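Engineer: When you get a sec, could you give me coordinates for this:
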Amino acid sequence: MNQQKLPNATAVLVLGIVSIIGCCCYGIVGLITGIIGLSLYKKDNALYQQNPDLYSDYSNLSTGRILCIIGIILSSLNLLANIVMIAMFGWEGMSDPQMIQERMREIMGQ
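Structural biologist: Below is the predicted model:
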């Protein structure tokens, strides 16, 4: 029997990689691409579960899912850290590294 490739397996893998790299962009890019990758995974996984013998690249799909989950976690942590930093220092303070150092010294008690 001739095996086919899953339609979105490569896309899920690429989106997983982009979500890990995108976590450096304030967490927003990585979060969006990770969620899109997981939704594509869900569609392809349902397709694969209907007829597993018909498709050949389920390993790419599984790897992409793991990368998407890692990317979502890293992006969420980065986004949360950015929200905390903005709450502590404000928008103006985020662009002034010297003020951030002074505030950190005050918080640490030095």
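Engineer: which residues touch the residue nearest the centre of the chain?
Structural biologist: The centroid of the chain falls nearest to Gly71 when counting by CA atoms, centre = their mean (2.7 Å). Listed by CB atoms under 8 Å, 6 or more residues apart in numbering, the contact set of Gly71 reads Gly16, Val18, Ser19, Ile20, Gly22, Cys23, Gly30, Thr33, Gly34, Gly37. Quick note: C-beta positions are derived from backbone N, CA and C, even for glycine.
Engineer: Would you check which pair of the residues you listed lies furthest apart?
Structural biologist: By the measure CB to CB, Cys23 and Gly37 form the most distant pair in those, at 13.2 Å.
Engineer: Heading C-terminal from the helix ranked longest in the chain, find the next helix or strand.
Structural biologist: In the chain, assigned by DSSP state H, the helix with the most residues is helix 58-94. Using DSSP states H and E, the helix or strand that directly follows helix 58-94 along the chain is helix 97-108.
Engineer: Run the chain-centre distance for that following helix.
Structural biologist: For helix 97-108, the separation from the chain centroid amounts to 30 Å (computed by CA atoms, centre = their mean, to the nearest Å).
Engineer: contacts for that helix?
Structural biologist: So helix 97-108 is contacted by Met88, Phe89, Gly93, Met94 (CB under 8 Å, 6+ apart).
Engineer: mind running it again at 10 Å?
Structural biologist: Contacts to helix 97-108, defined as CB atoms under 10 Å, 6 or more residues apart in numbering, come from residues Met85, Met88, Phe89, Gly90, Glu92, Gly93, Met94, Asp96, Gln110.
Engineer: Flag the shaky bits of the chain, pLDDT-wise.
Structural biologist: 1, 110 (pLDDT under 70).
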